[in-house]
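Peer 1: Quick one, structure for this:
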Amino acid sequence: MMEKIRVMVVDDHEMVRRGICSYLETEDDLEVVGQAGSGRSAAEMARKLKPDVILMDLIMEHGTGVEATTEIKRDLPDVQIIILTSYIDENLIFPALEAGALSYLLKTSQADEIVDAIRLAVKQEAVIEPKVATKMLTKMRDSGERRPHSDLTDRELEILVLIGEGKTNQEIADELFIGIKTVKTHVSNVLSKLGVEDRTKAAVYAHRNKLV
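Peer 2: Predicted coordinates:
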């Protein structure tokens with residue numbers, strides 16, 4: 001029997017929460033284990049329920065999504081958090097990702113895109129809404145931030161380019177005819193050498209340095 005992905009939904013609008021939960025519950029591999037209407041209650045509920053993935057709104061009363069993400073990732077580092085918001089604001093995007101959110105989606109996303117992001121989250125694979133990624137790239141270009149990648153091996157550079165193209169680990173393995181474990185090792189090395197925390201930031205780096 002397939003083990004379901006345990007999902008928690010956090011949003012301060014009840015009808016939005018209900019709509020998201022109703023759709024998620026139509027998917028055979030997903031199970032909605034809890035709903036919260038504020039950042040404060042989200043952190044408390046997460047500690048009790050220990051979901052696999054949390055869909056997290058950002059602007060809420062009684063504790064923001066960034067505050068809740070920080071607290072949850074501190075206490076439950078294995079829980080993956082997907083930001084689901086209406087806002088494309090660099091003052092929210094970067095703090096949310098720095099707090100430990102894996103993915104950043106907008107509420108205008110298609111329902112199946114949200115479901116796909118949940119499935120990828122349990123594999124620790126990030127999804128960034130294209131409009132958000134553009135905002136991130138613009139901010140990073142404007143800041144003039146640079147990190148050398150000259151110490152990457154040829155294979156690691158190849159992996160970085162594929163990460164920048166949005167390839168999953170399995171797609172990289174298939175394209176390069178190498179094992180998935182080998183890909184994960186290379187990805188880990190790339191992140192370490194670039195000094196970034198996750199593949200999302202590695203992808204941004206690849207675009208910023210015109211590797212893609």
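
Peer 1: what's the domain layout of the protein?
Peer 2: 5-139, 146-208 (automatic domain parsing).

Peer 1: Any chance of TSV for these, columns mean pLDDT and mean neighbour count?
Peer 2: To be clear about C-beta, it is placed using only N, CA and C from the backbone, and glycine gets the same treatment. Converted to TSV, the domains of the chain look like this (pLDDT from 0 to 100; neighbours: other C-beta atoms under 10 Å):
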stretch	mean pLDDT	mean neighbour count
domain 5-139	91	19
domain 146-208	86	17
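
Peer 1: which SSE is residue 47 in?
Peer 2: helix 39-49 (DSSP states H and E).

Peer 1: contact partners of that helix?
Peer 2: The contact list for helix 39-49 (C-beta atoms under 8 Å, 6 or more residues apart in numbering) reads 6, 8, 10, 33-34, 36, 54, 56, 60, 62-68, 71-72, 75-76, 79.

Peer 1: Could you do stretch 168-186 as well?
Peer 2: By C-beta under 8 Å, 6+ apart, stretch 168-186 touches 120, 123, 125, 155, 156, 158, 159, 162, 163, 167, 187.

Peer 1: Among these, which ones are in helices?
Peer 2: Among those, DSSP state H puts 120, 155, 156, 158, 159, 162, 163, 187 in helices.

Peer 1: show me the contacts for the residue lying closest to the third one once chain neighbours are set aside.
Peer 2: Leaving aside its chain neighbours, residue 156 sits nearest to residue 190 (5.1 Å; criterion: C-beta to C-beta, 6 or more residues apart in numbering). When contacts are counted by C-beta under 8 Å, 6+ apart, residue 190 touches 152, 156, 159, 160, 163, 202.
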